[in-house]
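Colleague: okay, predicted coordinates and the sequence, questions at the end:
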Amino acid sequence: MGGVSPEAIESVQQLADTWRAVVLDRGTGDVADPPGMAIRWADSKFPFWNCITFTDRGCGRALLDERFAQATDYMRRRSQPGLIWLFEELLDPACRKALPQAAERAGLGLSLSGFGMAGDILPIAEPHHPELEFVRVTTEDQLTAYADLNSRAYGMPLEAGRHGLAGSALWKAGMHSYLGLADGVPVSAAATVATGDCLFLALVATAPEAQRKGYGEATVRKALYEGARATGLTRTTLHATLAGAPVYERIGYRKVASIGFYGLKG
């Protein structure tokens with residue numbers, strides 16, 4: 001089933017491996033790898049931690065219908081909503097063309113679109129921003145501020161982000177999680193973690209009232225700089241929304257996969 005780019009396969013694997021650590025950190029839900037699927041479902045009020053992705057390469061229409069049926073059956077039995085992260089490059093051309101109809105038949109709606117991105121761009125120069133002080137997240141109060149920035153940036157209730165991160169050892173010690181402070185107030189957030197031979201960038205957010213000031217990009221660069229300095233890794237990956245992709249391209253990332261995020265209708 002050739003023809004699927006190695007970078008698209010890498011992007012799927014980076015999600016599965018990083019989210020394994022995230023879900024295990026929460027201590028709830030499931031980490032499972034049935035045929036053709038990776039289930040990483042914390043059953044958290046933070047919906048990004050409730051994830052299913054498909055791993056078949058060259059997936060055809062009949063197999064996609066089967067995977068959708070398996071995934072939606074699982075999702076309907078969970079207490080919290082989540083998303084199927086569908087990497088379109090893993091579908092064969094005919095299946096990709098028929099994807100909207102397949103999702104509709106399965107009772108799924110496209111919640112948002114994005115990209116898997118990667119770059120051999122590390123190390124980078126130590127970043128500076130004239131209005132920001134960078135602080136590594138090590139305390140529960142800092143972690144709450146990090147969670148709240150993500151909730152606000154993605155239009156979620158504060159409770160969602162706090163449920164996803166509260167008490168986390170991973171985000172306070174296992175990752176290089178940073179806040180950008182403007183006049184002492186947290187306005188931006190980004191984190192990196194070593195996943196295999198890549199530095200994975202995650203949960204980038206800027207306060208809505210502080211956008212378009214370069215805060216997010218500067219904080220991303222800080223998380224990348226510190227993560228690369230600590231690990232020696234030279235390659236970095238991430239999964240971006242459509243809105244975020246141009247920021248990452250300025251840093252040096254390239255789009256390597258198209259992702260549709262599908263949730264249950266109703």
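Modeller: That came through, no problem.

Colleague: the nearest residue to Gly174 once chain neighbours are set aside: which element?
Modeller: In space, and not counting its chain neighbours, Gly174 is closest to Val193: 6.6 Å by Cβ to Cβ, 6 or more residues apart in numbering. Every C-beta, even on glycine, is put in place using the N, C-alpha and C of the backbone. Per DSSP states H and E: Val193 is located in strand 185-195.

Colleague: how about stretch 141-153: buried residues?
Modeller: Of all the residues in stretch 141-153, those buried under the rule 16 or more other Cβ atoms under 10 Å are Gln142, Leu143, Thr144, Ala145, Tyr146, Ala147, Asp148, Leu149, Asn150, Ser151, Arg152, Ala153.

Colleague: mind checking the SS state of the first one?
Modeller: Three-state assignment for Gln142 (DSSP: H, G, I helix; E, B strand; the rest coil): helix.

Colleague: now the closest residue to it other than its chain neighbours: which helix or strand?
Modeller: With sequence-adjacent residues excluded and distances taken as Cβ to Cβ, 6+ apart, Gln142 is closest to Leu179, at 6.2 Å. Using DSSP H and E, Leu179 sits within strand 176-182.

Colleague: list the helices and strands that strand packs on?
Modeller: strand 133-136, helix 140-153, strand 185-195, helix 215-231 (3 or more Cβ pairs under 8 Å, 6 or more residues apart in numbering; DSSP states H and E).

Colleague: please name the residues that touch the closest residue to Gly109 other than its chain neighbours.
Modeller: With sequence-adjacent residues excluded and distances taken as Cβ to Cβ, 6+ apart, Gly109 is closest to Lys265, at 4.8 Å. By Cβ atoms under 8 Å, 6 or more residues apart in numbering, Lys265 lies in contact with Gly107, Leu108, Gly109.

Colleague: re the thing from before, next, count neighbours for the residue nearest to Gly174.
Modeller: Applying other Cβ atoms under 10 Å, we find 22 residues neighbouring Val193.

Colleague: need the per-residue pLDDT for Gly2.
Modeller: Looking at Gly2, its pLDDT stands at 52.

Colleague: now Gln13. Its backbone dihedrals?
Modeller: phi -70, psi -40 (degrees, to the nearest 10).

Colleague: against Ala118, how distant is it?
Modeller: 12 Å (Cβ to Cβ, to the nearest Å).

Colleague: mind checking which of the two has more residues around it?
Modeller: Ala118 (23 against 17).
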